[in-house]
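In: Sequence first, predicted model second:
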Amino acid sequence: MSKRRAEKIGSLLFCPDCGTLLNLPRDEENEVACEQCGHVEPASSYENITIVTRSHPDAFPSALRQKGKTQTKTHDSEDALLKVTEKCPSCGHMEAYSKEMQLRSADEGSTILYTCVKCRHGWRVNN
Ligand SMILES: [Zn+2]
Ligand SMILES: [Zn+2]
């Protein structure tokens, strides 16, 4: 008997056996049965989600603060940008500032941001 846990997508739980969206448990219930295949999911799976939801209001203001920081940082880091020979797709100028962006997943590779030295047009190239 397999004890697979439901798939969590955001605040929703999906049946691990058939993929059906599971109902929220009522207060007096400690498990939820899948309407489609009868898979029984413990209500504790939903408790984890509740914790995530509770922490969300705290995470939101810090995200806003980070946004403000990024704006000031952009000015400082502009001197550190590499100047490379790259054709601007907007004006055809052959010089651009390049900056490599680190993506969350290594599987996604890296993205290089270019900013045209002449017209300030920005574009990105995925490796
Ligand atoms: Zn199911
Ligand atoms: Zn340009």
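Out: Good, I have the coordinates. Ligands and ions are numbered 1, 2, ... in the order given.
In: where do the strands sit along the chain?
Out: Read by DSSP state E, the chain holds these strands, from start to end of the chain: 7-9, 12-14, 31-33, 40-42, 82-85, 95-101, 111-116, 122-126.
In: Which one, of these, ends up nearest to ligand 2?
Out: With CB to the ion, the closest approach to ligand 2 among the strands of the chain belongs to strand 111-116: 3.1 Å. Just so you know, the C-beta spots here come from the backbone N, C-alpha and C atoms, and that holds for glycine as well.
In: and that closest one, anywhere near ligand 2?
Out: Yes: with CB under 5 Å from the ion as the threshold, strand 111-116 lies in contact with ligand 2, specifically through residue 116.
In: what's the closest of the strands of the chain to residue 23?
Out: For the strands of the chain, proximity to residue 23 was assessed by CB to CB; strand 31-33 is nearest, at 5.9 Å.
In: so what does the closest one touch, helix or strand wise?
Out: For strand 31-33, the contact count by 3 or more CB pairs under 8 Å, 6 or more residues apart in numbering; DSSP states H and E identifies strand 40-42 as packing neighbours.
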